[in-house]
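**Student:** Below are the sequence and a predicted model; questions follow.
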Amino acid sequence: SLSGETGSISVVGAVSPPGGDLSEPVTQGTLRIVRVFWALDTKLRERRHFPAINWLTSYSLYSGQLDGWYRQNVAEDFPALRNWAIGLLQKEAELQEIVQLVGSDALPDEQKLTLEISRMVREIFLQQNAYHPVDTYSPMSRQYTFLKLINRFATNAAKAVENEVPVETIANMELRNRLAKSKFEENIEEELKAIAEAMDKEFEALGGK
């Protein structure tokens, strides 16, 4: 910069192609420049899921370049957790096609659990209330902690399902609601530690260990 300090430039391009045709030249030219695509989704907007950004069609070509920064400044396993969440949401999309045909009751418990955990990722991690004083901004450290706890919940839940604990029982655990509510609270480091400890104990009581 002019002051001699290191700075950065963000290039933002907004396109609204006729009929949603992303292959038309102007859209493709914009994507080549910005290398990041946030696809706004009217269906998410109608469901009151904000920000209404489709996680299946959106992407960043910079994620691999930034993994080193994430490992150093957030957590060593943050890139792995991010990839886990992306894979989970992709599996959910595949399962939703089956659900529309035969209903969720026809799915085996492992796939029912996939739908439940992906719902936690969407509601606790991805969904955000821009009008809430706490949820408006979420630092990377806070995002990481929530994603880590959801992953921990998923690991414990998978073991519980193997031990024939019903997915409905897991979905209705008070601990899950406690985790969801904590995203709207400030200074929750101790609360999240308590949730992590309680999580292992509650799943052990269910037969998930």
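**Tutor:** Yep, that arrived.
**Student:** can you give me the strands in the protein?
**Tutor:** With DSSP state E as the criterion, the chain has strands at 36-37, 59-60.
**Student:** looking at these, which is closest to residue 79?
**Tutor:** strand 59-60 (12.3 Å; C-beta to C-beta). C-beta: built from backbone N, CA, C; applies to glycine.
**Student:** so how far is that closest one off the chain centroid?
**Tutor:** Put simply, strand 59-60 sits 14 Å off its chain's centre (C-alpha atoms, centre = their mean, to the nearest Å).
**Student:** Quick check: residue 31 touching residue 39?
**Tutor:** No: using C-beta atoms under 8 Å, residue 31 makes no contact with residue 39, being 10.9 Å away.
**Student:** ok, the most centrally placed residue in the chain to residue 60 distance?
**Tutor:** Centroid check for the chain by C-alpha atoms, centre = their mean gives residue 121 as the closest residue, at 4.0 Å. Distance from residue 121 to residue 60, counting by C-beta to C-beta, to the nearest Å: 18 Å.
**Student:** OK, contacts around the closest residue to residue 117 other than its chain neighbours?
**Tutor:** Sequence neighbours aside, residue 154 is the residue nearest to residue 117 in space, at 4.5 Å (criterion: C-beta to C-beta, 6 or more residues apart in numbering). Listed by C-beta atoms under 8 Å, 6 or more residues apart in numbering, the contact partners of residue 154 are 88, 113, 117, 120.
**Student:** Which of those residues has the largest number of neighbours?
**Tutor:** residue 117 (25 neighbours; other C-beta atoms under 10 Å).
**Student:** Residue 95 versus residue 103, what's the distance?
**Tutor:** Separation of residue 103 from residue 95 (C-beta to C-beta): 12 Å.
**Student:** Repeat that for residue 19.
**Tutor:** Counting by C-beta to C-beta, the gap from residue 19 to residue 95 is 29 Å.
**Student:** Look at the two and report which has more neighbours.
**Tutor:** Using other C-beta under 10 Å, the more surrounded residue of residue 19 and residue 95 is residue 95, with 17 against 6.
**Student:** List the buried residues for stretch 62-79?
**Tutor:** Within stretch 62-79, the residues scored as buried using 16 or more other C-beta atoms under 10 Å are 70, 74, 75, 78, 79.
**Student:** Of those residues, which is the nearest to residue 130?
**Tutor:** Taking C-beta to C-beta as the measure, residue 130 lies nearest residue 74 of the buried residues of stretch 62-79, at 22.7 Å.
**Student:** quick one: the closest one and residue 142, what's the gap?
**Tutor:** 10 Å.
**Student:** in this protein, which helix has the most residues?
**Tutor:** Scanning the chain for the helix with the most residues, using DSSP state H, yields helix 78-102.
**Student:** So for that helix, what gets flagged as buried?
**Tutor:** Quick answer for helix 78-102 (16+ other C-beta under 10 Å): 78, 79, 81, 82, 84, 85, 88, 89, 92, 95, 99.
**Student:** Residue 53: which of those residues is nearest?
**Tutor:** Comparing these against residue 53 with C-beta to C-beta picks out residue 89 as the nearest, at 12.1 Å.
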